[in-house]
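Colleague: Model the following, please.
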Amino acid sequence: MILPQPSAGRKPPGTESFCAHLPETLDLAAATRPEWADYAAWVVSAVVIRRYIDREADEMTFVPLAADYINAHIPAPVRRRLLDDLIRNNALETDNLYFFGPAARGGKGKCRCYRIGAAHRAAPIRPRVLTHHDLLRKLRTAWVAERAEVIDPVHLALRGWHDRVEVTPDAPRGAHPLLDRMLDGERRFTVCDQGRVHTNVANLPAQFRRYMRLDGRELDSVDINTSQPLLLALLLKKQAREEEADRPQAVCDTYCDDGLTDYLAHCLDGTVYDRLAGKTGYNRDEVKPLFLAVAYGHPDHMDTKVGRAMRSLYPAVFDAIVDLNYRLGHGGLPRLMQTLESQVMIGRVAARLVRENPEMPLLTVHDSILVPVEFVPVVQTVIAEEWAAEFGVVPRTKASSFTAPQLARPQRKRRRRSKCPGDMSRELAAQPPCSNWRQEGNVAGFLGRRSPSRATIRRS
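Modeller: Now for the predicted structure:
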């Protein structure tokens, strides 16, 4: 396998300076010791950036900041007093509750959730250049360690192409923090526990994709139609087959309902969102995020219009969602779906493309493959063949210009909950832990486990 080389001149972040993004009203010299101002700027900027990466977050959202991430950048004698200063002086707020496991990097450790203090929350975000020598050294060390974690040949090949992503000279600096970071040369490439690849290009808002080029070329995106509903259907089919072999009558009465077969057919013909839209009065684009909220199983979303439509149209699927979320714990089902997605899109589709077409410029954005337009038919063929080999189905695909001018997408707002995320994580901690499947090493690992809770979860 020929690995693409990083662009000439690519430097690790923090080589000469680091650009933080802060509320313009925030005076960090007044919030903490002057000699800690750059450390404080990095912490506040990390909260700000996390808000932009999570597209459902807004200025009111508490975003997680892992303890080990802070520890890698802030010296031990400074970090606790610095955080106390920032909270005491209203630069930051915290919910004072911990996330454990999945919210922390690598599935270990702990993190608190933070947001910008009320006095600065609505202020415009502006760049600020940091030059603190020790902070820059820690940034370089963290960057080297992050790159060293990527060892899989397919990931290395994908990272090599991502390193070569260029930003056009007309890109507007200051328009968005994530675009600014790419202008400054940042090219982050990480792989999460679910096997998903996370990059600067994947995080960039749609309206700024027009400034992206790969080896000087524009890119087309080949997407799977209704990918998340389809992955859910395939996951439930897999579960049904495994449980039917073990306990055909005790467990599979709901999973094997004809409604599950209908649901899979509607996913494959691309009409599942349209059917939900017709039942709710929403348009297709409005239904998509609301469907995911139901699939991810938070109780607040089960009695929404889309939740009720799911229950009416696909009762077998609704029951299975309730059951799996109970058995896996909060967040377990979406992580299974993401693992299934990465196994086929990275482990099969991208791996084959890299192996058979090593000179083809290639990026991935979760369930999408980005290539120059002349390679679109190749990608569509490989997707059809690899999905058929993995799942026995051929999904519909659509191709569109990734780098064409686009309007900003409306921000998806989270439903306001009576409890903050940290409090909810404590309440759900008593349920079966969602880490079980990860310890088994693959999707089938958890799905092979049995739970007596099935009989207690039924539609009312």
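Colleague: Measure how far stretch 358-374 is from the centre of its chain, please.
Modeller: Here stretch 358-374 is found 19 Å from its chain centre; the criterion is C-alpha atoms, centre = their mean, to the nearest Å.
Colleague: Equivalent analysis for stretch 179-194, please.
Modeller: 13 Å.
Colleague: Could you pull up the mean pLDDT of that stretch?
Modeller: Per-region confidence: stretch 179-194 scores 94 on mean pLDDT.
Colleague: Could you list the low-confidence segments of the stretch 1-150 of the chain?
Modeller: 1-15, 98-110 (pLDDT under 70).
Colleague: Span of stretch 55-62 from start to end?
Modeller: End-to-end span of stretch 55-62 (C-alpha to C-alpha, to the nearest Å): 13 Å.
Colleague: buried sites along it?
Modeller: Ala57, Thr61, Phe62 (16 or more other C-beta atoms under 10 Å). (Glycine included, C-beta is placed from N, CA and C.)
Colleague: Stretch 113-128 too?
Modeller: Within stretch 113-128, the residues that count as buried by 16+ other C-beta under 10 Å are Cys113, Tyr114, Arg115, Ile116, Gly117, His120, Ile125, Pro127, Arg128.
Colleague: If we only consider the residues you listed, which is nearest to Glu386?
Modeller: Cys113 (38.2 Å; C-beta to C-beta).
Colleague: one step back: can you add distance to Arg209 and secondary structure and give the buried residues of stretch 113-128 back as CSV?
Modeller: Compiled in CSV, the buried residues of stretch 113-128 are given as follows (distance: C-beta to C-beta, whole Å; DSSP: H, G, I helix; E, B strand; the rest coil):
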residue, distance to Arg209, secondary structure
Cys113, 29, strand
Tyr114, 29, strand
Arg115, 28, strand
Ile116, 27, strand
Gly117, 33, coil
His120, 30, coil
Ile125, 20, strand
Pro127, 21, strand
Arg128, 26, strand
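Colleague: closest to Gly259 among these?
Modeller: Using C-beta to C-beta, these come closest to Gly259 at Cys113, 38.0 Å.
Colleague: surely Leu234 meets Val344?
Modeller: No - counting by C-beta atoms under 8 Å, no contact exists between Leu234 and Val344, whose distance comes to 9.2 Å.
Colleague: Can you report phi and psi for Arg33?
Modeller: With angles defined as degrees, to the nearest 10, Arg33 sits at phi -60, psi 140.
Colleague: cool, Arg409 as well?
Modeller: phi -80, psi 140.
Colleague: what about it, neighbour count?
Modeller: 11 (other C-beta atoms under 10 Å).
Colleague: same thing with Ala29?
Modeller: 11.
Colleague: same check, this time on Pro299
Modeller: Pro299: 11 neighbours (other C-beta under 10 Å).
Colleague: Tell me how far it lies from Leu328.
Modeller: Pro299 sits 15 Å away from Leu328, taking C-beta to C-beta, to the nearest Å as the criterion.
Colleague: what's the helix or strand for Ser400?
Modeller: strand 397-401 (DSSP states H and E).
Colleague: Give the partner strands of that strand in its sheet and their orientations.
Modeller: If you go by DSSP bridges, strand 397-401 pairs up with strand 220-224 (antiparallel).
Colleague: Now do the buried residues in the following helix or strand past the partner strand.
Modeller: Once the chain leaves strand 220-224, the next helix or strand it forms, by DSSP H and E, is helix 227-246. Buried residues in helix 227-246, counting neighbours by 16+ other C-beta under 10 Å, are found at 227-240, 242-243.
Colleague: Okay, domains of the protein per the record?
Modeller: Domain assignment of the chain by automatic domain parsing yields the ranges 18-130, 217-460.
Colleague: So for Gly160, which of these sits nearest?
Modeller: It is, among these and with distance given as C-beta to C-beta, domain 217-460, at 9.6 Å.
Colleague: From the chain's centroid, how far away is the closest one?
Modeller: On C-alpha atoms, centre = their mean, the centre of domain 217-460 falls 13 Å from that of its chain.
Colleague: on that earlier part again, what touches both of Leu234 and Val344?
Modeller: Common contact partners of Leu234 and Val344 (C-beta atoms under 8 Å, 6 or more residues apart in numbering): Phe391.
Colleague: which one of the domains of the chain lies closest to Arg164?
Modeller: domain 217-460 (7.8 Å).
Colleague: what is the rounded mean pLDDT of that closest one?
Modeller: Rounded mean pLDDT across domain 217-460 is 77.
Colleague: how close does the closest residue to Ala122 other than its chain neighbours sit to Val47?
Modeller: Among residues not flanking Ala122 along the chain, Glu59 sits closest, at 6.5 Å (C-beta to C-beta, 6 or more residues apart in numbering). Distance, Glu59 to Val47, by C-beta to C-beta: 11 Å.
Colleague: and for those two, which residues touch both?
Modeller: Shared contacts of Glu59 and Val47, counting by C-beta under 8 Å, 6+ apart, come down to Arg115, Ile116.
Colleague: Any idea how many residues pack against Ala408?
Modeller: 10.
Colleague: List the residues that contact it.
Modeller: Pro205, Ala206, Gln207.
Colleague: could you redo the last one with a cut-off of 6 Å?
Modeller: Ala408 sits next to Gln207 when contact means C-beta atoms under 6 Å, 6 or more residues apart in numbering.
Colleague: Repeat that for Arg128.
Modeller: So Arg128 contacts Ala20, Leu22, Ala41 (C-beta under 6 Å, 6+ apart).
Colleague: The buried residues of stretch 55-62 into JSON lines, with extra columns for distance to Arg188 and secondary structure?
Modeller: Output for those, formatted as JSON lines (distance: C-beta to C-beta, whole Å; three-state DSSP):
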{"residue": "Ala57", "distance to Arg188": "18", "secondary structure": "coil"}
{"residue": "Thr61", "distance to Arg188": "21", "secondary structure": "coil"}
{"residue": "Phe62", "distance to Arg188": "23", "secondary structure": "coil"}
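Colleague: hey, where'd the helices end up in the stretch 201-350 of the chain?
Modeller: 227-246, 252-255, 258-268, 272-280, 284-295, 305-313, 315-328, 332-344 (DSSP state H, counting those that start in this stretch).
Colleague: what about Glu385, distance to Leu136?
Modeller: Taking C-beta to C-beta as the measure, Glu385 falls 47 Å from Leu136.
Colleague: More neighbours: the two, which one.
Modeller: Leu136 (19 against 14).
Colleague: what helix or strand is that one on?
Modeller: Per DSSP H and E: helix 133-148 holds Leu136.
Colleague: immediately after that helix, which helix or strand?
Modeller: Next along from helix 133-148, by DSSP H and E: helix 153-163.
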